[in-house]
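Asker: Structure for this input, please:
(chains A and B)
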Amino acid sequence: MSRSSRQQPSPESFLPVPPATFHILLALVDADLHGYAIMQDVAQRSEGAVRLGPGTLYGALKRLLEARLVEESGERADPERGDERRRYYRLTPLGLAVARAEARRLELILRAARRKKLIGERPA
Amino acid sequence: MSAERVYRLLLRAYPPAFRAEYEREMVLIFRDQCRDGDVRTLGFWVRVVWDVMRSAPALRAERTRTVEVIMKVAAVLTVLLGAFGILGAINEWGAASQHAGAYVLAIVLGVVASLLLLGAGVTMLFQKRHAARYALVASLVCFVAARLIFPWMSILLQLIGFVLPVGLLIALYWPRKSSTLGAASIVLVGLAFPQLCRAQALPLGRWTASAGPMDRPASALPLIARTAAHVPPLDGSGVARYGSPGRASHRQER
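Answerer: Got it, this is the predicted structure:
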């Protein structure tokens, strides 16, 4: 067993991922984002059902950084939001693997819910 | 008072380390929210306060858990080192051929100090901080007195007897950042203990007796210990013979 694989935990060991954390991981799948952009992405994708506040967001980001699922990708200004430099975050390969594993887990639950006709078909 | 100033006041609910890392970013987001939303509505402030109320206690609890784990490890180490201290003093007593008054008193004080150290570790495990503090101070006093009365302690035992209670007291008296540092320093002393033993080629069972100033060549003794009262006559090998003749001959064979 190589040293790196010994040190790196398996993606399954992070499951289940809390909903707010999964939303943050999903937001970072496509691009590096700063805090406010993550909040907006989550609010848009969930059609306003999930609204992260700054405290919840940075609390979750702190845990994700400690678990090495997310890393900082530098500080730069957002051209749309003025000159203030902001910290950008991106997914690590482990973070991406965890997001995939959580999506698969949720998919299995969804399939079971469909088989039971809880979703997808209107109950008679 | 401006909205941003109110928000900065609310941010004080978060742990200082978290604020130091993320306060600037959070204030930037708050400015964005003020720009995109209506800061004068009640709903805006309810969401802001709700977010702080929900996330700040969780972050504070996380930090407390880390310190608690470190303090528990430190407490277990203290119990072990207290027990080693007692064993070391008993070993020293058994190895000595003559038991003079000052020597007996120093050994008794050493045992009492180790017992107090052990008690401090136990009380820390049961979260009795006050009792642990008193036990540590008393242990420190006993160690200092024992060291002054008769220099029978090894450097290792002195390190444990002096540094450990001081480090623990720092950890117990400063409940904020220093507690982590103090507790971590004790854990480090505990972790370094076997390495020190190995470096001095000491079997753990005899770590006080064979490393003490009494078995060293008299020339190697520190000046402060080389008083007429403390250093007995040298034997042929230049070894000061405080302890039993058996131990000196054992060293000669080695």
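
Asker: what's the spacing between residue A:84 and residue A:113?
Answerer: Residue A:84 sits 44 Å away from residue A:113 when distances are taken as Cβ to Cβ, to the nearest Å. (C-beta placed from N, C-alpha, C; glycine too.)

Asker: Comparing the two, which residue is more hemmed in?
Answerer: residue A:84 (15 against 12; other Cβ atoms under 10 Å in any protein chain shown).

Asker: Does the more buried one touch residue B:28 like I think?
Answerer: Yes - in this structure, residue A:84 is within contact of residue B:28 by Cβ atoms under 8 Å, at 5.7 Å.

Asker: show me the contacts for whatever residue of chain A ends up closest to chain B.
Answerer: Closest residue of chain A to chain B, Cβ to the nearest Cβ: residue A:53 (2.6 Å). Residues near residue A:53 by Cβ atoms under 8 Å, 6 or more residues apart in numbering or on different chains: B:47, B:48, B:50, B:51, B:52, B:54, B:55.

Asker: same thing with residue A:43?
Answerer: A:50, A:51, A:52.

Asker: can you redo those as CSV with pLDDT?
Answerer: Formatted as CSV, the contacts of residue A:43 follow (pLDDT from 0 to 100):
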residue, pLDDT
A:50, 89
A:51, 88
A:52, 92
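
Asker: What residues of stretch B:77-85 count as buried?
Answerer: Neighbour-count burial for stretch B:77-85, counted by 16 or more other Cβ atoms under 10 Å in any protein chain shown, picks out B:77, B:78, B:79, B:81, B:82, B:84, B:85.

Asker: Could you do stretch B:87-105 as well?
Answerer: Neighbour-count burial for stretch B:87-105 [16+ other Cβ under 10 Å]: B:87, B:88, B:89, B:90, B:91, B:92, B:93, B:95, B:96, B:103.

Asker: Can you tell me the element the third one falls in?
Answerer: Assignment of secondary structure by DSSP states H and E places residue B:89 within helix B:42-95.

Asker: Just want the angle from the very next helix or strand once past that helix to helix B:42-95.
Answerer: Under the assignment DSSP H and E, the closest C-terminal helix or strand after helix B:42-95 is helix B:101-125. Put simply, helix B:101-125 runs at 150 degrees to helix B:42-95, going by axes from the mean of the first three to the mean of the last three Cα atoms, to 10 degrees.

Asker: and the next element down the chain from helix B:101-125?
Answerer: The C-terminal neighbour of helix B:101-125 among helices and strands, as given by DSSP H and E, is helix B:129-149.

Asker: who touches that next one?
Answerer: B:102, B:105-107, B:109-110, B:112-114, B:116-117, B:119-120, B:123-124, B:152-153, B:158, B:161-162, B:165-166, B:168-169, B:172-173.

Asker: so residue B:52 makes contact with residue A:59?
Answerer: No - Residue B:52 is not in contact with residue A:59 according to Cβ under 8 Å; the separation is 10.7 Å.

Asker: higher neighbour count, these two?
Answerer: residue A:59 (24 against 20).

Asker: so what's the more buried one up against?
Answerer: Counted by Cβ under 8 Å, 6+ apart, residue A:59 has contacts B:18, B:55, B:58, B:59.

Asker: swap the cut-off to 6 Å and go again
Answerer: B:55, B:59 (Cβ atoms under 6 Å, 6 or more residues apart in numbering or on different chains).

Asker: That one: what secondary structure?
Answerer: helix (DSSP: H, G, I helix; E, B strand; the rest coil).

Asker: Name the surrounding residues that touch the longest helix seen in chain A.
Answerer: Across chain A, the helix with the greatest residue count (assigned by DSSP state H) is helix A:93-115. The set of residues external to helix A:93-115 that reach it, using Cβ under 6 Å, 6+ apart, is A:11, A:12, A:14, A:15, A:17, A:22, A:25, A:68, A:69, A:70, A:119, A:120.

Asker: In JSON lines, list these along with neighbour count, distance to chain B and pLDDT.
Answerer: JSON lines is the format used below for the contacts of helix A:93-115 (neighbours: other Cβ atoms under 10 Å in any protein chain shown; distance: Cβ to the nearest Cβ, whole Å; pLDDT from 0 to 100):
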{"residue": "A:11", "neighbour count": "20", "distance to chain B": "23", "pLDDT": "89"}
{"residue": "A:12", "neighbour count": "12", "distance to chain B": "23", "pLDDT": "88"}
{"residue": "A:14", "neighbour count": "20", "distance to chain B": "17", "pLDDT": "90"}
{"residue": "A:15", "neighbour count": "13", "distance to chain B": "20", "pLDDT": "88"}
{"residue": "A:17", "neighbour count": "21", "distance to chain B": "16", "pLDDT": "92"}
{"residue": "A:22", "neighbour count": "20", "distance to chain B": "17", "pLDDT": "95"}
{"residue": "A:25", "neighbour count": "22", "distance to chain B": "18", "pLDDT": "96"}
{"residue": "A:68", "neighbour count": "13", "distance to chain B": "16", "pLDDT": "93"}
{"residue": "A:69", "neighbour count": "25", "distance to chain B": "17", "pLDDT": "95"}
{"residue": "A:70", "neighbour count": "24", "distance to chain B": "14", "pLDDT": "95"}
{"residue": "A:119", "neighbour count": "10", "distance to chain B": "29", "pLDDT": "84"}
{"residue": "A:120", "neighbour count": "11", "distance to chain B": "33", "pLDDT": "77"}
